[in-house]
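K.L.:
the sequence isn't on hand, but the structure is:
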């Protein structure tokens, strides 16, 4: 019997860990989002060079376009990736994640509570019915 309890506990813990892992795991950093921005600016600079070699723009226009692209690149680099209230937000997010994890973990035991009350209520009803229908009463 003890082995059954140990194996059932391990299975329950493994199942909960599998279900709750995406909830508790921290979101990935914004480094993945910054790479496409740099790629976008590189493509824009390459397009300017192509248009210059094909003769669609003059060298002065290409220089002005490059300056605008560089300004956009600098503006993207100067943007602060995290706001000033990031630690507070991160703490709140972690609290919510743990709260959800606890709620999911507590759901099966909480679901068994009404079953226990139902059994107790049935016993009380049966006892009351049996005492009311005893011979000699009436």
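P.N.:
Received it, and whenever you're ready, just let me know what you need. Just so we're clear, the structure is a prediction, and the values are computed from it rather than from any experiment. Numbering: from 1, shown residues only.
K.L.:
quick one: average confidence on the helix or strand residue 118 falls within?
P.N.:
Using DSSP states H and E, residue 118 falls within helix 86-132. Mean per-residue pLDDT for helix 86-132: 70.
K.L.:
what's the answer for stretch 9-27, then?
P.N.:
Averaged over stretch 9-27, pLDDT sits at 75.
K.L.:
which parts of that stretch are buried?
P.N.:
For stretch 9-27, a neighbour-count test (16 or more other C-beta atoms under 10 Å) marks residue 20 as buried. C-beta coordinates here come from the backbone N, C-alpha and C atoms, glycine included.
K.L.:
so residue 51 sits against residue 66, correct?
P.N.:
No: the pair residue 51 / residue 66 is not scored as a contact, 11.3 Å apart, by C-beta atoms under 8 Å.
K.L.:
could you measure residue 8 against residue 101, distance?
P.N.:
The gap separating residue 8 from residue 101 is 20 Å, by C-beta to C-beta, to the nearest Å.
K.L.:
who's more crowded, these two?
P.N.:
residue 101 (16 against 10; other C-beta atoms under 10 Å).
K.L.:
and the residue nearest to that one when sequence neighbours are not counted, what element?
P.N.:
Using C-beta to C-beta, 6 or more residues apart in numbering and skipping residues adjacent in sequence, the residue nearest residue 101 is residue 20, 4.6 Å away. Counting by DSSP H and E, the element that carries residue 20 is helix 2-24.
K.L.:
what comes up buried for the strand or helix carrying residue 50?
P.N.:
Assigned by DSSP H and E, residue 50 falls within helix 31-54. Residues 41, 44-45, 48, 52 are the ones in helix 31-54 that count as buried (16+ other C-beta under 10 Å).
K.L.:
make JSON lines from those residues and add pLDDT and distance to residue 96 to it.
P.N.:
Shown next, in JSON lines, are the buried residues of helix 31-54 (pLDDT from 0 to 100; distance: C-beta to C-beta, whole Å):
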{"residue": "41", "pLDDT": "87", "distance to residue 96": "36"}
{"residue": "44", "pLDDT": "90", "distance to residue 96": "39"}
{"residue": "45", "pLDDT": "90", "distance to residue 96": "42"}
{"residue": "48", "pLDDT": "91", "distance to residue 96": "46"}
{"residue": "52", "pLDDT": "90", "distance to residue 96": "52"}
